[in-house]
Structure formats: C-alpha cells, structure tokens
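# only the shape, not the letters, is given here:
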C-alpha cells in the first residue's frame with residue numbers, strides 16, 4: 001500500500017488530470033494517447049485493448065458491427081470499469097492519465113459514473129471516414145476492421161456523442177499536430 005506521504009511526494013509537478021480519447025477504430029487514439037501522455041512530467045497511457053487482451057481464456061471480442069451483446073458486451077463494460085479504476089489510481093498518485101477506448105452510447109454514461117468526482121476531459125478524434133477507411137485502417141499495426149465497422153462506429157459516435165467533449169478533425173494532421181492541438185485547446189502546460 002502506498003502511504004499518503006509517498007503520494008504527496010509524487011504530486012510535485014502540479015495538478016494531475018485525466019484525458020479520455022475516443023474515436024472510431026483507426027482514428028489515431030493509441031498513437032495520439034501515447035504521445036500526449038509523454039508530454040507530461042508524470043504521464044500515464046492506458047490502452048483499453050491491453051486490458052481486453054489480459055483475458056487469456058474466455059475472452060469475447062466484438063466481431064461484427066452493431067451493438068455488442070452477451071459476454072462481449074459484459075466484457076466491454078468490465079474493461080471500461082477497469083480502465084477507469086486504473087486511471088483513478090494513477091490520478092490519485094499524482095499522474096496525468098491519458099486513456100483511450102471507443103466510448104459511445106451507454107459506455108459514455110458509464111465513463112462519467114466511473115470517473116465521477118475527478119477532473120477529466122473528453123477528446124473525440126474524428127477524422128473523415130474516407131481517411132480512416134482508405135488510409136489509416138489498412139496501414140496500422142492492428143488487423144484492419146473494414147468499411148462496415150468504420151461506417152457503423154462513425155454513425156454511432158456522431159449520434160450518441162454529438163454534444164460531448166472536444167471534437168477534432170485530425171484527417172490532415174500528423175499525430176504530433178493532433179497532440180499540439182489537444183494541449184492548446186485544453187489549455188494544458190507540459191514539460
């Protein structure tokens with residue numbers, strides 16, 4: 001267990017915060033989140049897919065476009081709960097946390113409940129659909145998800161998250177340019 005004195009010593013570089021990045025697959029969440037977390041003296045990057053991969057037996061990934069059902073839905077909700085628990089723990093220890101996941105619909109409501117009482121900002125990476133499908137999805141390190149997934153997620157994100165957070169069209173930006181825009185628009189100082 002970490003003592004209160006140790007936690008107080010960790011909080012040497014000012015107020016920590018939590019930044020939540022969302023967007024459809026191949027929007028650049030993982031790359032931007034890692035680069036953004038590196039900009040803080042005490043930064044943590046939490047990748048939701050890494051928590052999903054911790055399930056080594058019985059894991060249920062969502063495999064087709066549409067609202068997840070059954071075990072896949074339950075595991076998505078559990079994953080988000082645990083991402084938020086990690087974020088809370090690191091935040092309370094004085095770190096600025098950058099977490100990423102596809103947050104939309106009821107997961108947005110869950111995120112707000114899980115992070116209740118903590119200062120967090122939501123950033124929606126929203127590159128144009130054609131950029132995601134024709135350029136980014138095919139060239140990323142993960143398995144391409146395809147146009148059907150991108151179209152479904154894009155529509156669902158825009159319908160359920162339209163009034164939430166800071167929306168950025170990162171279609172024509174490098175990841176570093178997107179990080180700079182996030183820092184500027186959220187008014188954050190870094191090292």
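Perfect, I can see it now. What you are looking at is a predicted structure, and each value in this text was computed from that prediction instead of being measured.
# next secondary structure element downstream of the lowest-mean-pLDDT helix or strand in the chain?
Among the helices and strands of the chain, helix 4-10 carries the lowest confidence by mean pLDDT, DSSP states H and E, at a mean of 40. Using DSSP states H and E, the next helix or strand after helix 4-10 towards the C-terminus is strand 18-23.
# in its sheet, what does that following strand sit against?
strand 96-100 (parallel), strand 120-125 (parallel) (DSSP bridges).
# and those strands: which comes nearest residue 80?
If you check each of those against residue 80 by C-beta to C-beta, strand 96-100 wins as the nearest, at 9.4 Å. (Glycine included, C-beta is placed from N, CA and C.)
# for the helix or strand just after the closest one, packing partners?
Next along the chain after strand 96-100, taking DSSP H and E as the criterion, comes helix 106-114. Applying 3 or more C-beta pairs under 8 Å, 6 or more residues apart in numbering; DSSP states H and E, we find helix 106-114 packed against helix 70-92.
# enumerate the positions of the helix it packs on that are buried.
Residues of helix 70-92 classed as buried by neighbour count (16 or more other C-beta atoms under 10 Å): 72, 75-76, 79-80, 82-84, 87-88, 90-91.
# what's the nearest residue to residue 22 if we skip its chain neighbours?
residue 103 (4.0 Å; C-beta to C-beta, 6 or more residues apart in numbering).
# got the contact list for the most centrally placed residue in the chain?
By C-alpha atoms, centre = their mean, the chain has its centre lying nearest to residue 100, at 1.4 Å. Taking C-beta atoms under 8 Å, 6 or more residues apart in numbering, we find residue 100 in contact with 20-22, 29-30, 32-33, 45-48.
# got those residues as TSV, with secondary structure and distance to residue 55 columns?
Shown next, in TSV, are the contacts of residue 100 (DSSP: H, G, I helix; E, B strand; the rest coil; distance: C-beta to C-beta, whole Å):
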residue	secondary structure	distance to residue 55
20	strand	22
21	strand	22
22	strand	21
29	helix	20
30	helix	19
32	helix	25
33	helix	21
45	strand	20
46	strand	16
47	strand	14
48	helix	12
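# just give me the neighbour total for residue 41.
14 (other C-beta atoms under 10 Å).
# equivalent analysis for the one 10 residues further on, please.
Residue neighbour count, defined by other C-beta under 10 Å, stands at 19 for residue 51.
# my guess is it meets residue 82, correct?
Yes - in this structure, residue 51 is within contact of residue 82 by C-beta atoms under 8 Å, at 5.4 Å.
# which residues touch stretch 171-179?
Residues from elsewhere that reach stretch 171-179, judged by C-beta under 8 Å, 6+ apart: 28, 31-32, 35-36, 39, 125, 127-128, 131, 168, 170, 181.
# cheers, nothing more for now.
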